[in-house]
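K.L.:
coords please:
(one chain, ligands or ions: 1)
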Amino acid sequence: MSVSNEPAAIADVAIVGLGPVGATLALLLGQAGLSVVVLEREAEPYTLPRAVHFDDEVMRVLQTIGVADEVLPHTHLSPGMLFVDAAGRRLLDWSRAMNIGPQGWHESYRFHQPDLERILRRKLSTAPSVTVLARRDVFAIDQDPDGATLRFEDLASGQLESVRARYVVGCDGARSLVRRLIGSTSVDLGFHERWLVIDCLLKRDKPELGEHSIQFCEPERPATYVRGVGQRRRWEITAKDSESNAALMEPAKIWQLLSRWITPEDADIERAAVYMFHSVVARKWRHERLLIAGDSAHQTPPFLGQGLCAGIRDASNLAWKLAAVIRGGAPGTLLDSYPSERIPHVTEYIELAVRLGGLINTRAVERALPGASAGDEPVRMSSIKPSLGRGLALSSERPVGTPAPQPRMPDGRLFDDRVGYGFALIARASDAAADDALRRQCQQQGVAFVAADEAGPLQAWLDQAGISAALVRPDRYVLAVAETSADAAGLLTHALRLSPSADRKSCAA
Ligand SMILES: Cc1cc2nc3c(=O)[nH]c(=O)nc-3n(C[C@H](O)[C@H](O)[C@H](O)COP(=O)(O)OP(=O)(O)OC[C@H]3O[C@@H](n4cnc5c(N)ncnc54)[C@H](O)[C@@H]3O)c2cc1C
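P.N.:
Residues are numbered from 1 along each chain as shown. This is a model prediction of the structure:
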(Lines give C-alpha, C1' and ligand atoms only; values in the text may rest on other atoms or scores of the structure.)
Protein backbone atom coordinates (compact mmCIF):
# COMPACT_ATOMS: atom_id res chain seq x y z
CA MET A 1 0.00 0.00 0.00
CA SER A 2 1.40 3.36 -0.92
CA VAL A 3 0.68 6.45 1.12
CA SER A 4 1.56 9.73 -0.59
CA ASN A 5 0.37 13.20 -1.51
CA GLU A 6 -1.12 11.73 -4.68
CA PRO A 7 -3.43 8.81 -3.91
CA ALA A 8 -2.17 5.73 -5.74
CA ALA A 9 -3.21 2.25 -4.65
CA ILE A 10 -6.72 1.84 -3.30
CA ALA A 11 -7.21 -0.12 -0.09
CA ASP A 12 -10.37 -2.17 0.29
CA VAL A 13 -11.11 -0.51 3.62
CA ALA A 14 -9.62 2.43 5.52
CA ILE A 15 -10.26 2.51 9.27
CA VAL A 16 -9.98 5.77 11.16
CA GLY A 17 -8.94 5.02 14.75
CA LEU A 18 -6.99 2.18 16.30
CA GLY A 19 -8.87 1.72 19.55
CA PRO A 20 -10.06 -1.80 20.41
CA VAL A 21 -12.89 -1.61 17.85
CA GLY A 22 -10.74 -0.40 14.95
CA ALA A 23 -8.08 -3.02 15.75
CA THR A 24 -10.63 -5.85 15.92
CA LEU A 25 -12.29 -4.76 12.68
CA ALA A 26 -8.89 -4.57 10.94
CA LEU A 27 -8.03 -8.10 12.07
CA LEU A 28 -11.38 -9.50 10.92
CA LEU A 29 -11.12 -7.78 7.53
CA GLY A 30 -7.53 -8.96 7.14
CA GLN A 31 -8.68 -12.49 7.93
CA ALA A 32 -11.30 -12.21 5.18
CA GLY A 33 -8.48 -11.34 2.75
CA LEU A 34 -9.17 -7.60 2.41
CA SER A 35 -6.47 -4.95 2.19
CA VAL A 36 -6.85 -2.52 5.09
CA VAL A 37 -5.17 0.72 6.08
CA VAL A 38 -5.65 2.00 9.66
CA LEU A 39 -4.97 5.65 10.47
CA GLU A 40 -4.45 6.52 14.14
CA ARG A 41 -3.68 9.90 15.63
CA GLU A 42 -1.80 8.67 18.72
CA ALA A 43 1.43 6.67 18.96
CA GLU A 44 0.30 4.55 21.92
CA PRO A 45 -3.02 3.20 23.26
CA TYR A 46 -5.04 5.51 25.53
CA THR A 47 -3.76 5.43 29.12
CA LEU A 48 -6.71 6.64 31.21
CA PRO A 49 -8.99 4.15 33.02
CA ARG A 50 -11.58 2.56 30.75
CA ALA A 51 -13.11 -0.92 30.20
CA VAL A 52 -12.69 -3.59 32.89
CA HIS A 53 -15.28 -6.14 31.77
CA PHE A 54 -16.17 -8.05 28.62
CA ASP A 55 -18.51 -10.92 27.94
CA ASP A 56 -18.55 -14.34 26.29
CA GLU A 57 -19.49 -12.98 22.87
CA VAL A 58 -16.46 -10.70 22.87
CA MET A 59 -14.25 -13.64 23.77
CA ARG A 60 -15.75 -15.49 20.81
CA VAL A 61 -14.72 -12.65 18.47
CA LEU A 62 -11.25 -12.63 20.03
CA GLN A 63 -11.16 -16.37 19.30
CA THR A 64 -12.05 -15.70 15.65
CA ILE A 65 -9.16 -13.26 15.26
CA GLY A 66 -6.80 -15.70 16.97
CA VAL A 67 -5.98 -13.86 20.22
CA ALA A 68 -8.30 -15.52 22.79
CA ASP A 69 -5.56 -17.79 24.15
CA GLU A 70 -3.24 -14.82 24.55
CA VAL A 71 -5.91 -12.66 26.20
CA LEU A 72 -7.16 -15.36 28.61
CA PRO A 73 -4.18 -15.23 31.06
CA HIS A 74 -4.81 -11.47 31.36
CA THR A 75 -8.39 -11.95 32.58
CA HIS A 76 -10.09 -12.78 35.87
CA LEU A 77 -13.44 -14.60 35.95
CA SER A 78 -16.21 -12.45 37.33
CA PRO A 79 -18.89 -13.88 39.63
CA GLY A 80 -21.08 -10.87 38.76
CA MET A 81 -22.46 -7.72 40.29
CA LEU A 82 -24.41 -6.86 43.43
CA PHE A 83 -26.44 -3.70 44.07
CA VAL A 84 -26.55 -2.77 47.76
CA ASP A 85 -28.12 0.12 49.70
CA ALA A 86 -26.50 2.30 52.34
CA ALA A 87 -27.33 -0.27 55.05
CA GLY A 88 -25.56 -3.01 53.08
CA ARG A 89 -28.87 -4.68 52.12
CA ARG A 90 -28.73 -6.44 48.75
CA LEU A 91 -31.27 -4.94 46.37
CA LEU A 92 -30.27 -6.75 43.19
CA ASP A 93 -28.13 -9.81 42.59
CA TRP A 94 -26.69 -10.22 39.11
CA SER A 95 -24.45 -13.20 39.80
CA ARG A 96 -23.01 -15.08 36.82
CA ALA A 97 -22.45 -18.79 36.40
CA MET A 98 -18.80 -19.66 36.93
CA ASN A 99 -18.78 -22.46 34.36
CA ILE A 100 -18.34 -22.28 30.59
CA GLY A 101 -21.62 -21.27 28.96
CA PRO A 102 -23.28 -21.92 25.59
CA GLN A 103 -20.94 -19.49 23.79
CA GLY A 104 -17.99 -21.74 24.60
CA TRP A 105 -16.61 -19.19 27.07
CA HIS A 106 -17.45 -17.83 30.53
CA GLU A 107 -20.17 -15.24 30.75
CA SER A 108 -18.10 -12.45 32.26
CA TYR A 109 -14.40 -11.58 32.29
CA ARG A 110 -12.55 -8.79 34.06
CA PHE A 111 -9.61 -7.38 32.16
CA HIS A 112 -7.40 -4.33 31.79
CA GLN A 113 -8.13 -2.48 28.53
CA PRO A 114 -4.47 -1.58 27.79
CA ASP A 115 -3.56 -5.33 27.98
CA LEU A 116 -6.16 -6.11 25.31
CA GLU A 117 -5.10 -3.21 23.10
CA ARG A 118 -1.44 -4.27 23.32
CA ILE A 119 -2.32 -7.83 22.24
CA LEU A 120 -4.50 -6.59 19.36
CA ARG A 121 -1.72 -4.30 18.11
CA ARG A 122 0.83 -7.09 18.29
CA LYS A 123 -1.47 -9.33 16.28
CA LEU A 124 -1.99 -6.57 13.71
CA SER A 125 1.75 -6.36 13.15
CA THR A 126 1.57 -9.93 11.79
CA ALA A 127 -1.49 -9.37 9.55
CA PRO A 128 -0.08 -9.29 6.00
CA SER A 129 -2.84 -7.25 4.37
CA VAL A 130 -3.21 -4.64 7.14
CA THR A 131 -1.11 -1.43 7.23
CA VAL A 132 -1.19 0.62 10.42
CA LEU A 133 -0.19 4.28 10.12
CA ALA A 134 0.18 5.79 13.60
CA ARG A 135 0.47 9.51 14.35
CA ARG A 136 -1.77 10.30 11.39
CA ASP A 137 -4.63 12.73 12.05
CA VAL A 138 -7.44 12.39 9.51
CA PHE A 139 -9.08 15.75 8.84
CA ALA A 140 -11.12 15.27 5.64
CA ILE A 141 -12.76 12.51 3.61
CA ASP A 142 -14.18 12.95 0.09
CA GLN A 143 -16.37 10.28 -1.45
CA ASP A 144 -16.71 9.54 -5.17
CA PRO A 145 -18.39 6.71 -7.09
CA ASP A 146 -15.33 4.41 -6.79
CA GLY A 147 -14.21 5.06 -3.25
CA ALA A 148 -13.11 7.73 -0.84
CA THR A 149 -10.00 9.84 -0.36
CA LEU A 150 -8.89 10.39 3.22
CA ARG A 151 -6.70 13.40 3.87
CA PHE A 152 -4.54 13.40 6.96
CA GLU A 153 -1.61 15.06 8.65
CA ASP A 154 1.49 13.02 9.40
CA LEU A 155 2.03 14.36 12.92
CA ALA A 156 5.71 13.34 12.93
CA SER A 157 6.64 15.31 9.81
CA GLY A 158 3.81 17.83 9.55
CA GLN A 159 3.22 16.70 5.93
CA LEU A 160 -0.31 16.57 4.55
CA GLU A 161 -0.94 13.29 2.78
CA SER A 162 -3.82 11.17 1.49
CA VAL A 163 -4.86 7.59 0.93
CA ARG A 164 -7.72 6.01 -1.02
CA ALA A 165 -10.06 3.22 -0.01
CA ARG A 166 -13.25 1.63 -1.33
CA TYR A 167 -14.94 1.99 2.08
CA VAL A 168 -14.10 3.95 5.22
CA VAL A 169 -15.07 2.93 8.74
CA GLY A 170 -14.84 5.52 11.49
CA CYS A 171 -13.79 3.73 14.69
CA ASP A 172 -12.72 7.14 15.87
CA GLY A 173 -14.37 7.29 19.27
CA ALA A 174 -16.89 9.53 20.95
CA ARG A 175 -15.85 12.73 19.12
CA SER A 176 -15.92 10.99 15.74
CA LEU A 177 -15.05 12.99 12.64
CA VAL A 178 -16.55 10.28 10.44
CA ARG A 179 -19.89 10.50 12.29
CA ARG A 180 -19.93 14.23 11.61
CA LEU A 181 -19.09 13.68 7.92
CA ILE A 182 -21.92 11.14 7.70
CA GLY A 183 -24.11 13.96 8.99
CA SER A 184 -25.57 11.93 11.84
CA THR A 185 -27.34 13.34 14.84
CA SER A 186 -27.78 11.19 17.95
CA VAL A 187 -30.69 9.81 19.92
CA ASP A 188 -30.25 10.89 23.53
CA LEU A 189 -31.29 8.15 25.99
CA GLY A 190 -31.26 10.55 28.90
CA PHE A 191 -28.27 9.73 31.11
CA HIS A 192 -25.44 12.28 31.44
CA GLU A 193 -23.48 12.19 34.70
CA ARG A 194 -20.00 13.14 35.85
CA TRP A 195 -18.11 10.38 37.64
CA LEU A 196 -14.62 10.14 39.12
CA VAL A 197 -12.90 6.88 38.07
CA ILE A 198 -9.93 5.66 40.12
CA ASP A 199 -7.71 2.68 39.30
CA CYS A 200 -5.71 1.33 42.25
CA LEU A 201 -3.04 -1.33 42.67
CA LEU A 202 -3.30 -3.14 46.00
CA LYS A 203 -0.07 -3.39 47.96
CA ARG A 204 -1.49 -6.11 50.16
CA ASP A 205 -4.38 -8.54 49.87
CA LYS A 206 -7.80 -7.17 50.80
CA PRO A 207 -10.14 -10.17 50.40
CA GLU A 208 -12.86 -8.30 52.31
CA LEU A 209 -13.36 -6.06 49.25
CA GLY A 210 -14.90 -9.09 47.57
CA GLU A 211 -14.95 -10.74 44.16
CA HIS A 212 -18.28 -9.31 43.00
CA SER A 213 -18.55 -5.85 41.51
CA ILE A 214 -20.65 -3.77 43.88
CA GLN A 215 -22.95 -0.90 43.04
CA PHE A 216 -23.45 1.22 46.16
CA CYS A 217 -26.97 2.58 45.64
CA GLU A 218 -26.59 5.51 48.01
CA PRO A 219 -28.31 8.63 46.70
CA GLU A 220 -25.93 10.81 48.74
CA ARG A 221 -22.90 9.51 46.78
CA PRO A 222 -23.51 6.53 44.43
CA ALA A 223 -20.36 4.51 43.77
CA THR A 224 -19.12 1.35 42.04
CA TYR A 225 -16.39 -1.07 43.11
CA VAL A 226 -14.84 -3.47 40.59
CA ARG A 227 -12.41 -6.26 41.38
CA GLY A 228 -9.88 -6.19 38.53
CA VAL A 229 -7.18 -8.57 37.34
CA GLY A 230 -4.40 -9.38 39.83
CA GLN A 231 -4.07 -6.55 42.35
CA ARG A 232 -6.05 -4.05 40.27
CA ARG A 233 -9.14 -2.53 41.87
CA ARG A 234 -11.43 0.16 40.40
CA TRP A 235 -13.73 2.65 42.11
CA GLU A 236 -16.16 4.85 40.20
CA ILE A 237 -17.71 7.60 42.33
CA THR A 238 -20.27 10.24 41.35
CA ALA A 239 -19.22 13.86 41.27
CA LYS A 240 -21.42 16.44 42.98
CA ASP A 241 -22.34 19.57 41.02
CA SER A 242 -20.41 21.67 43.52
CA GLU A 243 -17.16 19.70 42.94
CA SER A 244 -14.89 20.76 40.09
CA ASN A 245 -12.89 18.16 38.16
CA ALA A 246 -9.66 19.65 39.53
CA ALA A 247 -10.91 19.42 43.13
CA LEU A 248 -11.97 15.79 42.65
CA MET A 249 -8.57 14.87 41.24
CA GLU A 250 -6.65 16.19 44.27
CA PRO A 251 -4.92 13.17 45.90
CA ALA A 252 -6.24 14.18 49.34
CA LYS A 253 -9.80 14.23 47.97
CA ILE A 254 -9.36 10.87 46.22
CA TRP A 255 -8.10 9.25 49.42
CA GLN A 256 -10.92 10.81 51.42
CA LEU A 257 -13.45 9.31 48.99
CA LEU A 258 -11.71 5.91 49.10
CA SER A 259 -11.26 5.90 52.88
CA ARG A 260 -14.25 3.63 53.59
CA TRP A 261 -12.54 0.88 51.52
CA ILE A 262 -8.77 1.46 51.47
CA THR A 263 -5.99 3.75 52.74
CA PRO A 264 -2.61 4.70 51.21
CA GLU A 265 -1.12 1.83 53.24
CA ASP A 266 -3.26 -0.63 51.27
CA ALA A 267 -2.84 0.57 47.69
CA ASP A 268 -1.27 2.96 45.20
CA ILE A 269 -3.39 5.06 42.89
CA GLU A 270 -2.43 4.06 39.37
CA ARG A 271 -4.52 6.67 37.55
CA ALA A 272 -7.71 8.66 37.94
CA ALA A 273 -9.92 10.65 35.61
CA VAL A 274 -13.26 12.46 35.69
CA TYR A 275 -15.61 11.31 32.93
CA MET A 276 -18.97 12.54 31.75
CA PHE A 277 -20.91 9.33 31.08
CA HIS A 278 -23.39 9.66 28.21
CA SER A 279 -26.14 7.50 26.73
CA VAL A 280 -26.44 8.23 23.02
CA VAL A 281 -26.90 6.30 19.78
CA ALA A 282 -26.13 7.82 16.38
CA ARG A 283 -29.15 7.82 14.08
CA LYS A 284 -27.18 7.20 10.90
CA TRP A 285 -24.32 4.71 10.77
CA ARG A 286 -23.75 4.75 7.01
CA HIS A 287 -23.65 7.25 4.21
CA GLU A 288 -22.64 5.52 0.98
CA ARG A 289 -18.97 4.55 1.52
CA LEU A 290 -18.64 5.91 5.06
CA LEU A 291 -19.61 3.85 8.11
CA ILE A 292 -19.08 4.14 11.87
CA ALA A 293 -18.55 1.58 14.63
CA GLY A 294 -17.84 1.53 18.37
CA ASP A 295 -17.97 4.67 20.50
CA SER A 296 -18.37 6.80 17.38
CA ALA A 297 -21.78 5.13 16.90
CA HIS A 298 -22.92 4.79 20.53
CA GLN A 299 -21.97 5.64 24.10
CA THR A 300 -23.27 4.07 27.27
CA PRO A 301 -22.86 4.60 31.00
CA PRO A 302 -20.55 1.78 32.17
CA PHE A 303 -22.95 0.06 34.62
CA LEU A 304 -23.37 -3.01 32.39
CA GLY A 305 -19.75 -3.00 31.18
CA GLN A 306 -21.00 -3.08 27.61
CA GLY A 307 -19.54 -0.10 25.70
CA LEU A 308 -16.54 -1.90 24.29
CA CYS A 309 -18.53 -5.15 24.00
CA ALA A 310 -21.05 -3.39 21.75
CA GLY A 311 -18.23 -1.96 19.63
CA ILE A 312 -16.69 -5.40 19.16
CA ARG A 313 -20.12 -6.70 18.11
CA ASP A 314 -20.31 -3.86 15.57
CA ALA A 315 -16.96 -4.91 14.13
CA SER A 316 -18.02 -8.54 13.95
CA ASN A 317 -21.34 -7.68 12.28
CA LEU A 318 -19.78 -5.34 9.73
CA ALA A 319 -16.58 -7.16 8.75
CA TRP A 320 -18.07 -10.10 6.84
CA LYS A 321 -20.58 -7.82 5.11
CA LEU A 322 -17.80 -5.55 3.84
CA ALA A 323 -15.97 -8.67 2.62
CA ALA A 324 -19.12 -9.92 0.88
CA VAL A 325 -19.63 -6.57 -0.88
CA ILE A 326 -15.99 -5.92 -1.81
CA ARG A 327 -14.89 -9.46 -2.67
CA GLY A 328 -18.05 -11.49 -3.04
CA GLY A 329 -20.07 -9.30 -5.39
CA ALA A 330 -22.88 -8.79 -2.87
CA PRO A 331 -24.79 -5.53 -3.43
CA GLY A 332 -23.71 -2.45 -1.45
CA THR A 333 -27.18 -2.39 0.11
CA LEU A 334 -26.10 -5.38 2.23
CA LEU A 335 -24.30 -2.77 4.34
CA ASP A 336 -27.64 -1.18 5.28
CA SER A 337 -28.40 -4.31 7.30
CA TYR A 338 -25.49 -3.33 9.59
CA PRO A 339 -27.18 -0.34 11.29
CA SER A 340 -30.58 -1.96 11.00
CA GLU A 341 -29.35 -4.98 13.00
CA ARG A 342 -27.03 -3.20 15.39
CA ILE A 343 -28.97 -0.07 16.41
CA PRO A 344 -31.89 -1.83 18.18
CA HIS A 345 -29.47 -4.33 19.75
CA VAL A 346 -27.12 -1.76 21.27
CA THR A 347 -30.04 0.49 22.24
CA GLU A 348 -31.48 -2.31 24.38
CA TYR A 349 -28.19 -2.58 26.31
CA ILE A 350 -27.89 1.18 26.78
CA GLU A 351 -31.50 1.52 27.96
CA LEU A 352 -30.87 -1.14 30.61
CA ALA A 353 -27.59 0.56 31.64
CA VAL A 354 -29.50 3.83 32.04
CA ARG A 355 -32.18 2.14 34.18
CA LEU A 356 -29.49 0.57 36.37
CA GLY A 357 -27.88 4.01 36.66
CA GLY A 358 -31.25 5.20 37.93
CA LEU A 359 -31.31 2.37 40.47
CA ILE A 360 -27.85 3.33 41.74
CA ASN A 361 -29.11 6.88 42.22
CA THR A 362 -32.50 6.06 43.74
CA ARG A 363 -32.54 2.45 45.06
CA ALA A 364 -35.81 1.99 43.16
CA VAL A 365 -35.48 -1.59 41.88
CA GLU A 366 -38.97 -1.66 40.35
CA ARG A 367 -38.20 1.31 38.15
CA ALA A 368 -34.91 -0.21 36.98
CA LEU A 369 -36.32 -3.64 36.20
CA PRO A 370 -40.03 -3.37 35.42
CA GLY A 371 -41.88 -6.40 36.79
CA ALA A 372 -39.38 -6.97 39.61
CA SER A 373 -40.71 -6.61 43.12
CA ALA A 374 -38.32 -5.60 45.84
CA GLY A 375 -38.95 -7.65 48.98
CA ASP A 376 -36.68 -8.97 51.70
CA GLU A 377 -34.74 -11.09 49.21
CA PRO A 378 -32.68 -9.36 46.51
CA VAL A 379 -34.16 -9.34 43.01
CA ARG A 380 -32.23 -11.71 40.76
CA MET A 381 -31.17 -10.44 37.39
CA SER A 382 -29.63 -12.30 34.45
CA SER A 383 -27.71 -11.02 31.45
CA ILE A 384 -29.85 -9.89 28.53
CA LYS A 385 -29.31 -11.44 25.09
CA PRO A 386 -31.39 -9.35 22.71
CA SER A 387 -31.98 -10.40 19.11
CA LEU A 388 -30.49 -8.36 16.29
CA GLY A 389 -32.73 -5.78 14.67
CA ARG A 390 -34.55 -6.74 11.50
CA GLY A 391 -31.65 -6.48 9.01
CA LEU A 392 -31.16 -9.71 7.09
CA ALA A 393 -33.45 -11.86 9.20
CA LEU A 394 -36.23 -13.61 7.35
CA SER A 395 -38.03 -14.21 10.62
CA SER A 396 -38.23 -12.54 14.02
CA GLU A 397 -38.46 -15.92 15.79
CA ARG A 398 -35.47 -16.85 17.92
CA PRO A 399 -32.93 -18.38 17.43
CA VAL A 400 -32.80 -16.28 14.23
CA GLY A 401 -30.86 -13.12 15.09
CA THR A 402 -29.11 -14.63 18.12
CA PRO A 403 -25.68 -16.30 18.40
CA ALA A 404 -25.50 -20.03 17.71
CA PRO A 405 -24.04 -22.11 20.52
CA GLN A 406 -20.38 -23.05 20.48
CA PRO A 407 -19.82 -26.53 21.92
CA ARG A 408 -16.56 -28.44 21.87
CA MET A 409 -16.58 -30.86 18.93
CA PRO A 410 -15.52 -34.53 19.09
CA ASP A 411 -12.06 -33.68 17.70
CA GLY A 412 -11.50 -31.36 20.69
CA ARG A 413 -11.84 -28.12 18.74
CA LEU A 414 -14.42 -25.48 19.56
CA PHE A 415 -17.23 -25.18 16.99
CA ASP A 416 -15.96 -21.85 15.55
CA ASP A 417 -12.43 -23.20 15.08
CA ARG A 418 -13.87 -26.19 13.30
CA VAL A 419 -16.06 -24.17 10.87
CA GLY A 420 -13.61 -21.28 10.33
CA TYR A 421 -14.50 -17.69 9.51
CA GLY A 422 -17.45 -18.25 7.21
CA PHE A 423 -20.99 -19.59 6.94
CA ALA A 424 -21.87 -22.89 8.59
CA LEU A 425 -24.89 -25.15 8.25
CA ILE A 426 -25.89 -27.17 11.32
CA ALA A 427 -28.29 -29.94 10.29
CA ARG A 428 -30.04 -32.81 12.00
CA ALA A 429 -29.34 -36.22 10.45
CA SER A 430 -31.82 -37.29 7.80
CA ASP A 431 -31.48 -40.29 5.46
CA ALA A 432 -27.95 -41.10 4.31
CA ALA A 433 -28.43 -40.06 0.66
CA ALA A 434 -29.96 -36.69 1.57
CA ASP A 435 -27.17 -36.03 4.12
CA ASP A 436 -24.52 -36.81 1.51
CA ALA A 437 -26.15 -34.48 -0.99
CA LEU A 438 -26.37 -31.69 1.57
CA ARG A 439 -22.75 -32.18 2.58
CA ARG A 440 -21.65 -32.01 -1.09
CA GLN A 441 -23.71 -28.91 -1.72
CA CYS A 442 -22.15 -27.20 1.31
CA GLN A 443 -18.68 -28.10 0.09
CA GLN A 444 -19.38 -26.63 -3.35
CA GLN A 445 -20.58 -23.39 -1.79
CA GLY A 446 -17.77 -23.12 0.76
CA VAL A 447 -20.23 -23.49 3.65
CA ALA A 448 -18.98 -25.60 6.56
CA PHE A 449 -21.33 -28.53 7.19
CA VAL A 450 -21.83 -29.73 10.76
CA ALA A 451 -24.03 -32.73 11.57
CA ALA A 452 -25.90 -31.89 14.76
CA ASP A 453 -25.37 -35.37 16.18
CA GLU A 454 -21.62 -34.69 16.34
CA ALA A 455 -22.19 -32.65 19.51
CA GLY A 456 -24.94 -33.11 22.11
CA PRO A 457 -25.40 -29.37 22.73
CA LEU A 458 -26.10 -28.74 19.02
CA GLN A 459 -28.70 -31.50 18.95
CA ALA A 460 -30.26 -30.17 22.17
CA TRP A 461 -30.31 -26.62 20.76
CA LEU A 462 -32.14 -27.74 17.59
CA ASP A 463 -34.56 -29.77 19.73
CA GLN A 464 -35.29 -26.86 22.01
CA ALA A 465 -35.93 -24.53 19.07
CA GLY A 466 -38.02 -27.18 17.30
CA ILE A 467 -35.95 -26.90 14.09
CA SER A 468 -34.01 -29.27 11.84
CA ALA A 469 -31.26 -27.02 10.57
CA ALA A 470 -29.76 -23.57 11.07
CA LEU A 471 -27.59 -21.43 8.84
CA VAL A 472 -24.97 -19.56 10.90
CA ARG A 473 -23.32 -16.38 9.60
CA PRO A 474 -19.58 -15.66 9.85
CA ASP A 475 -20.31 -13.47 12.91
CA ARG A 476 -21.85 -16.62 14.51
CA TYR A 477 -25.41 -15.24 14.48
CA VAL A 478 -28.20 -17.40 13.07
CA LEU A 479 -29.37 -16.13 9.67
CA ALA A 480 -32.17 -18.60 8.98
CA VAL A 481 -33.60 -21.90 10.19
CA ALA A 482 -35.40 -24.84 8.57
CA GLU A 483 -38.19 -26.69 10.31
CA THR A 484 -37.77 -29.92 8.38
CA SER A 485 -34.76 -31.75 6.98
CA ALA A 486 -36.22 -31.37 3.51
CA ASP A 487 -35.93 -27.58 3.85
CA ALA A 488 -32.30 -27.62 5.02
CA ALA A 489 -30.81 -27.38 1.51
CA GLY A 490 -32.96 -24.33 0.83
CA LEU A 491 -31.03 -22.44 3.53
CA LEU A 492 -27.93 -22.55 1.35
CA THR A 493 -29.46 -20.13 -1.16
CA HIS A 494 -29.16 -17.43 1.53
CA ALA A 495 -25.47 -18.22 2.02
CA LEU A 496 -24.89 -18.08 -1.75
CA ARG A 497 -26.43 -14.62 -1.86
CA LEU A 498 -24.21 -13.27 0.92
CA SER A 499 -21.08 -15.37 1.08
CA PRO A 500 -17.74 -13.69 0.33
CA SER A 501 -16.20 -15.70 -2.51
CA ALA A 502 -12.72 -15.60 -0.93
CA ASP A 503 -10.92 -18.93 -0.64
CA ARG A 504 -12.69 -20.74 2.18
CA LYS A 505 -11.52 -24.27 1.53
CA SER A 506 -9.77 -24.30 4.91
CA CYS A 507 -13.09 -23.52 6.56
CA ALA A 508 -15.25 -26.19 4.99
CA ALA A 509 -14.82 -29.26 7.15
C1 LIG B 1 -14.60 4.60 32.96
C2 LIG B 1 -15.00 3.71 31.83
C3 LIG B 1 -15.30 2.40 32.08
C4 LIG B 1 -15.67 1.55 31.03
N5 LIG B 1 -15.94 0.25 31.32
C6 LIG B 1 -16.28 -0.57 30.31
C7 LIG B 1 -16.45 -1.96 30.57
O8 LIG B 1 -16.26 -2.44 31.67
N9 LIG B 1 -16.81 -2.76 29.53
C10 LIG B 1 -16.98 -2.28 28.27
O11 LIG B 1 -17.34 -3.07 27.37
N12 LIG B 1 -16.78 -0.97 27.99
C13 LIG B 1 -16.41 -0.11 28.97
N14 LIG B 1 -16.13 1.19 28.68
C15 LIG B 1 -16.23 1.68 27.30
C16 LIG B 1 -14.99 1.37 26.44
O17 LIG B 1 -13.81 1.77 27.07
C18 LIG B 1 -15.16 2.05 25.10
O19 LIG B 1 -16.44 1.69 24.59
C20 LIG B 1 -14.10 1.62 24.10
O21 LIG B 1 -12.82 2.02 24.49
C22 LIG B 1 -14.39 2.25 22.72
O23 LIG B 1 -13.48 1.77 21.79
P24 LIG B 1 -13.40 2.43 20.34
O25 LIG B 1 -12.33 1.67 19.63
O26 LIG B 1 -14.74 2.54 19.74
O27 LIG B 1 -12.96 3.94 20.59
P28 LIG B 1 -11.63 4.52 21.26
O29 LIG B 1 -11.00 3.53 22.16
O30 LIG B 1 -11.99 5.85 21.81
O31 LIG B 1 -10.64 4.71 20.02
C32 LIG B 1 -10.80 5.72 19.07
C33 LIG B 1 -9.43 5.96 18.42
O34 LIG B 1 -9.60 6.84 17.29
C35 LIG B 1 -8.51 7.73 17.24
N36 LIG B 1 -8.94 8.89 16.45
C37 LIG B 1 -10.00 9.71 16.71
N38 LIG B 1 -10.13 10.64 15.75
C39 LIG B 1 -9.12 10.42 14.87
C40 LIG B 1 -8.72 11.06 13.66
N41 LIG B 1 -9.37 12.11 13.17
N42 LIG B 1 -7.64 10.58 13.00
C43 LIG B 1 -6.95 9.51 13.48
N44 LIG B 1 -7.29 8.87 14.62
C45 LIG B 1 -8.36 9.31 15.30
C46 LIG B 1 -8.23 8.04 18.72
O47 LIG B 1 -6.93 8.53 18.90
C48 LIG B 1 -8.47 6.67 19.36
O49 LIG B 1 -7.28 5.92 19.45
C50 LIG B 1 -15.74 2.06 29.71
C51 LIG B 1 -15.43 3.39 29.46
C52 LIG B 1 -15.05 4.20 30.49
C53 LIG B 1 -14.68 5.63 30.19
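K.L.:
name the element residue 440 belongs to?
P.N.:
helix 432-445 (DSSP states H and E).
K.L.:
Next secondary structure after that helix?
P.N.:
Following helix 432-445 in sequence, per DSSP H and E, is strand 448-451.
K.L.:
Run through the neighbouring helices and strands of that next one.
P.N.:
Applying 3 or more CB pairs under 8 Å, 6 or more residues apart in numbering; DSSP states H and E, one finds that strand 448-451 contacts helix 415-419, strand 424-427, helix 432-445. For every residue, glycine as well, the C-beta is placed using N, CA and C.
K.L.:
Single out the most deeply packed of the ones you listed.
P.N.:
Among the helices and strands packed on strand 448-451, strand 424-427 has the highest mean neighbour count (mean count of other CB atoms under 10 Å), at a mean of 26.
K.L.:
next one: that strand to chain centre, how far?
P.N.:
Centroid displacement of strand 424-427 relative to its chain, using CA atoms, centre = their mean, to the nearest Å, is 25 Å.
K.L.:
So in that sheet, which strands flank the host helix or strand of residue 199, and in what orientation?
P.N.:
Element membership for residue 199 (DSSP H and E) is strand 186-202. Strand 186-202 pairs in its sheet with strand 232-238 (antiparallel), strand 267-282 (antiparallel), by DSSP bridges.
K.L.:
between those, which gets nearest to residue 202?
P.N.:
For residue 202, the closest of the strands paired with strand 186-202 is strand 267-282, at 4.8 Å, according to CB to CB.
K.L.:
end-to-end on stretch 128-136?
P.N.:
Separation of the first and last residues of stretch 128-136 by CA to CA, to the nearest Å is 20 Å.
K.L.:
can I get the helices and strands packed on strand 448-451 in TSV with mean pLDDT and distance to residue 251?
P.N.:
Formatted as TSV, the helices and strands packed on strand 448-451 follow (pLDDT from 0 to 100; distance: least, CB to CB, whole Å):
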stretch	mean pLDDT	distance to residue 251
helix 415-419	98	47
strand 424-427	96	54
helix 432-445	90	62
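K.L.:
Out of those, which is closest to the ligand?
P.N.:
Nearest of the helices and strands packed on strand 448-451 to the ligand, taken as CB to the nearest ligand atom: helix 415-419 at 20.7 Å.
K.L.:
In terms of secondary structure, what does that closest one contact?
P.N.:
When contacts are defined as 3+ CB pairs under 8 Å, 6+ apart, helix 415-419 packs onto helix 56-64, strand 448-451.
K.L.:
Show me the contact partners of that helix.
P.N.:
Helix 415-419 is contacted by residues 60, 63-64, 104, 404-409, 411, 424, 448, 450, 455, 458, 472, 476, 507, 509 when judged by CB atoms under 8 Å, 6 or more residues apart in numbering.
K.L.:
buried set for stretch 334-347?
P.N.:
By 16 or more other CB atoms under 10 Å, the buried positions in stretch 334-347 come out as 334-335, 337-347.
K.L.:
Which of the residues you listed sits closest to residue 212?
P.N.:
Of all those, residue 212 sits closest to residue 346, with 25.5 Å by CB to CB.
K.L.:
Now do the SS call for that closest one.
P.N.:
Secondary structure state of residue 346, per DSSP: H, G, I helix; E, B strand; the rest coil, is helix.
K.L.:
is it true that residue 475 touches residue 314?
P.N.:
No. Residue 475 lies out of contact with residue 314 (CB atoms under 8 Å); the separation is 10.2 Å.
K.L.:
Leaving out sequence neighbours, find the closest residue to residue 53.
P.N.:
residue 305 (3.2 Å; CB to CB, 6 or more residues apart in numbering).
K.L.:
sorry, back to before: closest to the ligand among the buried residues of stretch 334-347?
P.N.:
Closest approach to the ligand among these (CB to the nearest ligand atom): residue 346, at 10.8 Å.
K.L.:
Settle this for me: the closest one is touching residue 298, isn't it.
P.N.:
Yes. With contact defined as CB under 8 Å, residue 346 counts as touching residue 298 (5.0 Å).
K.L.:
Overlap in contacts, the two.
P.N.:
Residues touching both residue 346 and residue 298 (CB under 8 Å, 6+ apart): 281, 310.
K.L.:
Next to the ligand, which bits of this protein? Give me the list.
P.N.:
Residues of the chain lying close to the ligand by CB under 6 Å from any ligand atom are 16-22, 39-42, 46, 49-54, 113, 137-138, 171-173, 177, 197, 275, 294-295, 302, 305-309, 311.
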